[in-house]
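Peer 1: no FASTA, just this:
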């Protein structure tokens, strides 16, 4: 730090040009600096410095490294790259407050701090579109450890409401209706038990600057566990009634065939039922035993055992039954 204060008065050859670098908030940023001009300087005499807004970010000299306030544990200039003439600075877990101009200097033992490059670091907001089913949980990455506010606006609305604030990794000031639905874990905000009213746009906004960190467009679809009850019930009871009628008719055919064979056929009579409906027109077949009642699922086009009462046959359902005899004929 003392060397930084002394040498800052000996800046030479400073250029106004800057190299633009833009990343999304929270991602790592690599600020390039070509140090090939320092080739040949012994490592123990080489001094490297990065600064921003008049404050120290990083400095190294004779294997000793110092980091500026707020950058501890987040920045480095790898020594193996320095030996190859690459003085690029890596910033991990970038914050909005990291935005600005960065300058890289070196000194080779003659007390002259020589300018190498200037980098203009800027940030872009994250954006994403999500589609979730009703009842699911929505997880939103916050991308920053700084205090943020999460806002919600319904589709087509020009106004927004506050969902909650997040400070020091915990929820604070949740709005009415969100008190028991929001939580924060591992840098992500979770909103539990989505409903159709949660469909819209969510914005994560930095509290100190008011800038948008991320935005999410969220769509909520109906849950597959809750199909429309009226049409499903109509299909179920109607198919059960038709199957009962068809199987009763087929039973008479089986009885006549058995009598016609002189009573020589043995085994358990059954029925091959072919069925289809408007949502699944491809015919399917299943073998049923006498007295069985089944319902037809419009989602899977499958028959499943169920007792049912009568109802008119709905439009689009087609059923037919053929008698079978599962057994052998006696000689």
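Peer 2: Nice, I can see it. Just so you know, these numbers come straight off a predicted model, no measurement behind them.
Peer 1: any low-confidence regions in the stretch 1-150 of the chain?
Peer 2: Along the stretch 1-150 of the chain, segments meeting pLDDT under 70 span 1-16.
Peer 1: Could you list everything the nearest residue to residue 125 once chain neighbours are set aside pairs with in the sheet?
Peer 2: Using C-beta to C-beta, 6 or more residues apart in numbering and skipping residues adjacent in sequence, the residue nearest residue 125 is residue 212, 4.5 Å away. Any C-beta I mention is one placed from the backbone N, CA and C, and that applies to glycine too. Here residue 212 sits in beta bridges with residue 205, going by DSSP bridges.
Peer 1: for residue 212, what are its contacts?
Peer 2: If you count contacts by C-beta atoms under 8 Å, 6 or more residues apart in numbering, residue 212 has them with 125, 203, 204, 205, 206.
Peer 1: Grab the nearest non-local neighbour of the last one.
Peer 2: Leaving out its chain neighbours, the residue that sits closest to residue 206 by C-beta to C-beta, 6+ apart is residue 96, at 5.2 Å.
Peer 1: Quick check: that neighbour vs residue 31, distance?
Peer 2: Using C-beta to C-beta, to the nearest Å, residue 96 is found at 16 Å from residue 31.
Peer 1: more crowded one of those two?
Peer 2: Taking other C-beta atoms under 10 Å, residue 96 and residue 31 do not tie; residue 31 has more neighbours (25 against 18).
Peer 1: Touching, the more buried one and residue 21? I think so.
Peer 2: Yes: contact criterion C-beta atoms under 8 Å: residue 31 and residue 21 qualify, at 6.0 Å.
Peer 1: who touches both of the two?
Peer 2: Counting by C-beta under 8 Å, 6+ apart, the shared contacts of residue 31 and residue 21 are 119, 121.
Peer 1: and the residue found closest to residue 93 once you drop the neighbours it is linked to in the chain, what is it in contact with?
Peer 2: By the measure of C-beta to C-beta, 6+ apart, the closest residue to residue 93 outside its immediate chain neighbours is residue 74, 5.6 Å from it. Shown in contact with residue 74 (C-beta under 8 Å, 6+ apart): 91, 92, 93.
Peer 1: Got phi/psi on residue 36?
Peer 2: For residue 36, the backbone dihedrals (degrees, to the nearest 10) come out as phi -60, psi -30.
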